[in-house]
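J.: Here's my sequence, what's the structure:
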Amino acid sequence: MTHLRASVALSLHEAGLIFVTHDKNGAWLALRETWGSGERLLGVAPFLRRLYEAKALTDATVLDDVIIHAEPRPSWWGAWRATL
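T.: Residues are numbered from 1 along each chain as shown. The predicted structure follows:
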């Protein structure tokens, strides 16, 4: 839990960082603590999509390797992934 709280705190104070989680308790903790403007808290699937669309991640097979651990997938994932 200490690492989780430190990650939340770091993402709050470093504007260039985003807190990414698929842990329900971690998400609720971050939502309670996040007060700054901008998108500073993302789920794993939206984060992967952002990375890919920003060309920071270029191998679409990596998406499959990571998303398998991030169940449940969002409703848009299948349609979006099929376009790649």
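J.: for this protein, what's the longest helix?
T.: Across the chain, the longest stretch assigned as helix under DSSP state H is helix 2-13.
J.: in stretch 41-48, what's buried?
T.: 41-42, 44-48 (16 or more other C-beta atoms under 10 Å). (Each C-beta comes from the backbone N, C-alpha and C, glycine too.)
J.: One more: stretch 50-62?
T.: Using 16+ other C-beta under 10 Å as the burial criterion, the residues of stretch 50-62 that qualify are 51-52, 57.
J.: I'd like those residues as CSV, with pLDDT and secondary structure appended.
T.: Shown next, in CSV, are the buried residues of stretch 50-62 (pLDDT from 0 to 100; DSSP: H, G, I helix; E, B strand; the rest coil):
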residue, pLDDT, secondary structure
51, 91, helix
52, 94, helix
57, 93, coil
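J.: So residue 47 is in contact with residue 21, correct?
T.: No - contact criterion C-beta atoms under 8 Å: residue 47 and residue 21 do not qualify, at 9.2 Å.
J.: Setting aside sequence neighbours, what's the nearest residue to residue 57?
T.: Residue nearest to residue 57 in three dimensions, not counting chain neighbours: residue 51, with 4.0 Å by C-beta to C-beta, 6 or more residues apart in numbering.
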